[in-house]
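1. 3D model of this:
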Amino acid sequence: MGSWVAPTAYLLGAGWFFATSIILGVLLGRWADGATGLEPVFTLTGIVVGLAVALVGGIRMLMPFMSRISNGPSEKS
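-> Coordinates of the predicted model:
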């Protein structure tokens with residue numbers, strides 16, 4: 001296998017995390033709007049919370065990956 005497998009897996013995992021966080025925030029917001037009758041309030045709140053969770057979690061998930069990439073490839077003898 002090539003050296004592209006590990007970076008691809010990291011980035012795919014981060015992409016799924018971002019998408020899941022935002023979609024769950026929107027869905028929970030839409031559900032809360034339907035339950036309370038306050039139409040855009042909880043949907044917008046869900047979007048903001050989903051984006052915040054995606055941002056913080058994505059940074060925490062990708063920091064080890066970025067530090068490993070910035071150190072360069074390790075040479076094995």
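
2. mind listing the strands in this structure by residue range?
-> For the chain, no strands are identified by DSSP state E.

3. show me the shaky parts of it.
-> 1-2, 72-77 (pLDDT under 70).

4. let's see that with 50 instead.
-> In the predicted model of the chain, residues 77 satisfy pLDDT under 50.

5. and the helices in it?
-> Assigned by DSSP state H, the helices in the chain fall at 5-36, 39-70.

6. contact partners for the residue nearest the centre of the chain?
-> The structure's the chain has its C-alpha centroid closest to Phe18; by Cα atoms, centre = their mean the separation is 2.4 Å. Phe18 makes contact with Ala54, Gly58, according to Cβ atoms under 8 Å, 6 or more residues apart in numbering. Placement of C-beta: from N, CA and C, glycine included.

7. how many residues are close by the nearest residue to Thr45 once chain neighbours are set aside?
-> In this structure, Thr45 finds its nearest non-sequential neighbour in Gly29, 5.8 Å apart by Cβ to Cβ, 6 or more residues apart in numbering. A count of nearby residues for Gly29, using other Cβ atoms under 10 Å, gives 21.
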